[in-house]
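> return a 3D structure for these sequence lines:
(2 chains)
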Amino acid sequence: MSGASSSLLVGEIELISSDDGTASTAMDVDATEPVFAGHYPGFPIFPGVCLIEFAHRSAQCTPPHGAGSIKLTMVSSARFLSPVYPGDRLEAELGWTAKDGDWQCSAVLSTKRGGRAAQVRLRYRAGDTG
Amino acid sequence: MIGVQQIRESLPHRYPMEILPHRYPMLLLDRVDEIVAGERLRARKAVTLNEPWYSDLPTSADHAYPWVLLVESWGQAAGILAAGDESNPDLRAGMVMLFGSISDARVHGPVLPGDVIEHEVRLMRMFNDTMILEGESRVDGRPVLEVGRAVMALRPAEMLTDPQPARGELVDAQTTRRRS
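As a prediction, the model looks like this:
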């Protein structure tokens, strides 16, 4: 993505490894993330859409070779498997496949404490800006 | 639709915070305009620069509203329709409404500060305490989000408070499909 844009996550995405078509990323879910104040007061749980955002930002960091700039068009699916709490370290295993002229990123998200947290498939259009 | 007749006939119009446990900055609905219990809901959210996502953004930056928050806002509207009058703002006891999955959600956008997002949610199927919903969101009549399928379910609060590793999905959509 070019330039700054609004984001609901403060945490940084760490690129663990990347090969053409696959990648591993991680993020420390810090208790200071702004979303925890309201999700939920006195009982913080990392929102499911933040798991989707983590997968999306990880995908943006590791686009497939030759795709150029990519733009999200669809959440093909996101299944939430177990809750993620402040202090967890989120890890993602990503795989890219070409699909009907677009690119699809499949991500499995997990924490060491809770195991699999979510499975997310995102669809991107290649060659767009923004 | 299956089981819809079991839902209460009507619900009073209420503010979202009376039904949802979410609070600032994650209470992403401002008004419920219409509920036809067990059938459909219309609600709205006004996007403002005063939200924390914009706090450190340079004036020259892209001010498009984060699309995942658009999805969350629609999901909260869906949660109100799904919960009906079984809503439980206390997440640590009783039954809680969980967002199990979402699929075929097309993001159009952009949504900008000053826009008012109008959500529509329709309940497609209901099996016991699990609900399948669909809908869309518009700004001034322009589609900004289409949701093909969302699964929500009432589940025991212990599923959120139990720190043990997950034993399965929070909401088992596979089971839901088999029952259909």
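> state the distance from A:Trp96 to A:Glu14.
19 Å (Cβ to Cβ, to the nearest Å). (Each C-beta comes from the backbone N, C-alpha and C, glycine too.)
> show me the strands in chain B, by range?
B:31-36, B:40-46, B:95-107, B:116-127, B:130-139, B:142-156 (DSSP state E).
> and what of chain A?
A:14-19, A:22-28, A:70-80, A:89-99, A:102-111, A:115-126.
> beta partners for B:Leu98?
Taking DSSP bridges as the rule, B:Leu98 bridges to B:Ala153.
> that one and B:Ala150 touch, don't they?
No: with contact defined as Cβ atoms under 8 Å, B:Leu98 does not count as touching B:Ala150 (11.3 Å).
> check contacts around the closest residue in space to A:Leu9 that isn't next to it in sequence.
Leaving out its chain neighbours, the residue that sits closest to A:Leu9 by Cβ to Cβ, 6 or more residues apart in numbering or on different chains is A:Glu53, at 5.6 Å. Neighbouring residues of A:Glu53 by Cβ atoms under 8 Å, 6 or more residues apart in numbering or on different chains: A:7-9, B:66, B:68.
> burial measure for the nearest residue to B:Asp62 once chain neighbours are set aside, as a count.
In this structure, B:Asp62 finds its nearest non-sequential neighbour in A:Ser5, 4.1 Å apart by Cβ to Cβ, 6+ apart. As a burial measure, A:Ser5 scores 14 neighbours (other Cβ atoms under 10 Å in any protein chain shown).
> quick revisit: which of the contacts of A:Glu53 has the most neighbours?
Counting by other Cβ under 10 Å, top hit in the contacts of A:Glu53: B:Val68 with 26 neighbours.
> can you add distance to B:Ala83 and pLDDT and give the contacts of A:Glu53 back as TSV?
Converted to TSV, the contacts of A:Glu53 look like this (distance: Cβ to Cβ, whole Å; pLDDT from 0 to 100):
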residue	distance to B:Ala83	pLDDT
A:Ser7	29	77
A:Leu8	24	85
A:Leu9	27	89
B:Pro66	25	95
B:Val68	22	96
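> just give me the residue right at the centre of chain B.
Central residue of chain B (Cα atoms, centre = their mean): B:Gly75, 1.8 Å from the mean position.
> and the gap between that one and B:Phe99?
5 Å.
> any common contacting residues for those two?
In contact with both B:Gly75 and B:Phe99: A:48, B:150, using Cβ under 8 Å, 6+ apart.
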